[in-house]
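Chemist: Give me a 3D structure for the following:
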Amino acid sequence: AAKGRIQTPEEQIQRALTREQNGTNITVYELLMDAWLRLRGESPVMQKAIGAYNTDLFIDPISVELFGGSWHSTNSRSSQHFSDRLRYMLDQGWNQVIIWVDTLKWPMSEVVADYVVAFLEQSRSDPTFRRQYRVIFGDGKVVPVAELDINNLTSIPSRAGCEDFRP
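Modeler: Model prediction:
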């Protein structure tokens with residue numbers, strides 16, 4: 001009955017809160033990252049509602065998005081939604097880590113949790129360090145990003161120019 005109906009901002013916010021409370025849309029990558037971060041003394045919130053959006057994992061002041069699968073880059077509607085969501089979260093003053101995961105190309109390893117914790121410590125130590133984002137592969141290699149170009153964030157990155165992560 002609601003197909004095609006535009007939701008009000010209040011309805012979108014309530015949907016995000018319900019998603020957080022019910023723990024829906026949680027992937028195996030998110031569960032694994034949650035466990036790794038807890039082993040490092042952090043307490044992430046899964047599917048945290050930030051306005052009308054949900055982030056995969058949230059540890060104040062950063063959100064973590066895990067991109068597993070190619071739909072983030074092949075579906076233009078998903079790409080636009082992610083761009084809008086990232087802009088909103090950055091505008092709210094949060095930092096973001098985006099992790100590209102693929103079982104064959106970029107398998108997720110525990111080093112990504114070390115990267116997130118290092119970024120978290122940097123974010124916590126400097127209150128002016130806000131509205132930053134980082135993009136890494138599941139194996140901890142940094143994806144080079146020359147400038148903030150949110151409109152092109154979701155295309156599948158290449159390995160050219162990547163550096164090994166060193167905390």
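
Chemist: Residue 11 versus the residue nearest the centre of the chain, what's the distance?
Modeler: Most central in the chain under CA atoms, centre = their mean is residue 65, positioned 1.7 Å from the mean C-alpha point. To residue 11, residue 65 is 23 Å away according to CB to CB, to the nearest Å. Placement of C-beta: from N, CA and C, glycine included.

Chemist: Check residue 118 too.
Modeler: Counting by CB to CB, the gap from residue 118 to residue 11 is 38 Å.

Chemist: go on, residue 121?
Modeler: Noted for residue 121: a distance of 37 Å to residue 11, by CB to CB.

Chemist: Now do the contacts for the residue nearest to the centre of the chain.
Modeler: Residues in contact with residue 65, defined by CB atoms under 8 Å, 6 or more residues apart in numbering, are 55-56, 82, 96-99.

Chemist: Compare those residues and tell me which has the most neighbours.
Modeler: Counting neighbours by other CB atoms under 10 Å, residue 99 leads these with 27 neighbours.

Chemist: Please give the element, helix or strand, for that residue.
Modeler: Secondary structure from DSSP states H and E places residue 99 in strand 95-101.

Chemist: how far out from the middle of the chain is that strand?
Modeler: Between the centre of strand 95-101 and the centre of its chain there are 4 Å (CA atoms, centre = their mean, to the nearest Å).

Chemist: Who are the packing partners of that strand?
Modeler: Applying 3 or more CB pairs under 8 Å, 6 or more residues apart in numbering; DSSP states H and E, one finds that strand 95-101 contacts strand 62-68, helix 76-91, helix 111-125, strand 133-137.

Chemist: which of these sits most buried?
Modeler: Ranked by mean neighbour count, the helices and strands packed on strand 95-101 are led by strand 62-68 with a mean of 23 (mean count of other CB atoms under 10 Å).

Chemist: what pairs with it, and is each one parallel or antiparallel?
Modeler: Paired strands of strand 62-68, with direction, are strand 53-59 (antiparallel), strand 95-101 (parallel) (DSSP bridges).

Chemist: and the angle from the first one to helix 111-125?
Modeler: Strand 53-59 and helix 111-125 are oriented at 90 degrees to each other (axes from the mean of the first three to the mean of the last three CA atoms, to 10 degrees).

Chemist: Dump strand 53-59 to CSV, keeping only the CA atoms.
Modeler: Extracted in CSV, the C-alpha atoms of strand 53-59 (Å, rounded to 0.1, in the frame of the first residue of the first chain):
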residue,chain,number,x,y,z
TYR,A,53,20.0,6.8,7.9
ASN,A,54,21.7,3.8,9.4
THR,A,55,25.4,3.1,9.5
ASP,A,56,26.8,-0.4,9.7
LEU,A,57,28.8,0.2,12.9
PHE,A,58,29.1,3.4,15.0
ILE,A,59,31.7,4.2,17.6
